[in-house]
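> dropping the sequence and predicted coords here.
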Amino acid sequence: MSEEQLEDQEKAKSPLIKIIVIVVGIILLLGITIGATLFASGFFDADNNVDAEQAIAELEAEAAAQAAAAEAAAAGPDKVKQDSPELTRFEQSYFQLPKPLVANVANSRKVMQATVAIMTHYDDRVVNNVEKHDFPLRFAMLAAMRKVTEADIADAEFQTNLAASLKIEMNAVLESLEDFGGIEAVYFTEFVVQ
């Protein structure tokens, strides 16, 4: 073979070798980059699985504690027991609203006036809530009293039924404002229809 042919063969092999070297270099560079990224992100650390499981357990414990706190808040205040150890009855607390309620009888010229007192077995929070929300409670009670007709007044159970209606209205207002009603009974200390 002549020298020219040898040179042509070397020239033909030279670009092929360059291409192979470049491809191998790129593959090697990609492998190093991926490995460094995985190492920097902590992929090779075995403790991450343990930390993740511990974090999940802590979050579940926190969620359970929050659920228990929400359940305790929804249960309302504790009832106050009497000091006597042999009795299981609860102590009653009474509170009289300071001003009497005056309302017209529906479709009549008569007027109804009542002084209202409440009874609760719960602690002082119920009485404090009644004092705190006096205006919305009076509004709800007056609205219920304005629905009374002369036929209702003639009923023998009128005052009992009206007291039960006022209790429901007052508890509804307290539950909307304080998330707990707690009024066990409503009593009329004065009641006049004229």
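Good, I have the coordinates.
> state the three-state secondary structure for the residue nearest the centre of the chain.
Centroid check for the chain by CA atoms, centre = their mean gives Ala70 as the closest residue, at 6.5 Å. What DSSP: H, G, I helix; E, B strand; the rest coil gives for Ala70 is helix.
> all strands of this structure, in order?
Assigned strands in the chain, in chain order: 93-96, 101-104, 111-120, 185-193 (criterion: DSSP state E).
> out of the ones you listed, nearest to Ile17?
With CB to CB, the closest approach to Ile17 among the strands of the chain belongs to strand 111-120: 96.6 Å. Any C-beta I mention is one placed from the backbone N, CA and C, and that applies to glycine too.
> how far off strand 185-193 does the closest one point, in degrees?
Put simply, strand 111-120 runs at 160 degrees to strand 185-193, going by axes from the mean of the first three to the mean of the last three CA atoms, to 10 degrees.
> distance from the chain centre to strand 111-120, please.
In terms of CA atoms, centre = their mean, to the nearest Å, the centre of strand 111-120 is set 33 Å apart from its chain centre.
> how near is the residue nearest to Phe44 when sequence neighbours are not counted to Val193?
Closest residue to Phe44 apart from its sequence neighbours, by CB to CB, 6 or more residues apart in numbering: Leu38 at 6.6 Å. Applying CB to CB, to the nearest Å, the value for Leu38 to Val193 is 87 Å.
> what about these two, which has more around it?
More neighbours surround Val193 than the other of Leu38 and Val193, with 14 against 11 (other CB atoms under 10 Å).
> give me the pLDDT for the closest residue to the more buried one other than its chain neighbours.
Excluding its sequence neighbours, the residue lying closest to Val193 (CB to CB, 6+ apart) is Met112, at 5.0 Å. At Met112, the model reports a pLDDT of 95.
> which strand residues bridge Met112?
Met112 has these beta-bridge partners by DSSP bridges: Ala103, Val193.
> give me the domain ranges for this protein.
What automatic domain parsing lists as the domains of the chain is 3-75, 93-193.
> and those, which is most packed in?
Neighbour counts (mean count of other CB atoms under 10 Å) averaged over each of those peak at domain 93-193, with a mean of 16.
> centre of the chain to that domain, how far?
The answer for domain 93-193 is 29 Å, by CA atoms, centre = their mean.
> ok, Leu38 to Asp45 distance?
To Asp45, Leu38 is 10 Å away according to CB to CB.
> any idea how far the longest helix along the chain is from the middle of the chain?
Looking across the chain with DSSP state H, the single longest helix is helix 3-41. Chain-centre distance of helix 3-41: 65 Å, with CA atoms, centre = their mean.
> for this structure, give me the ranges with low pLDDT.
Residues of the chain meeting the criterion pLDDT under 70: 1-13, 46-51, 72-89.
> what distance do you get for the closest residue to Val116 other than its chain neighbours to Val127?
Distances taken as CB to CB, 6+ apart put Leu97 closest to Val116, at 4.9 Å, once the chain neighbours are dropped. Distance of Leu97 to Val127, given as CB to CB: 11 Å.
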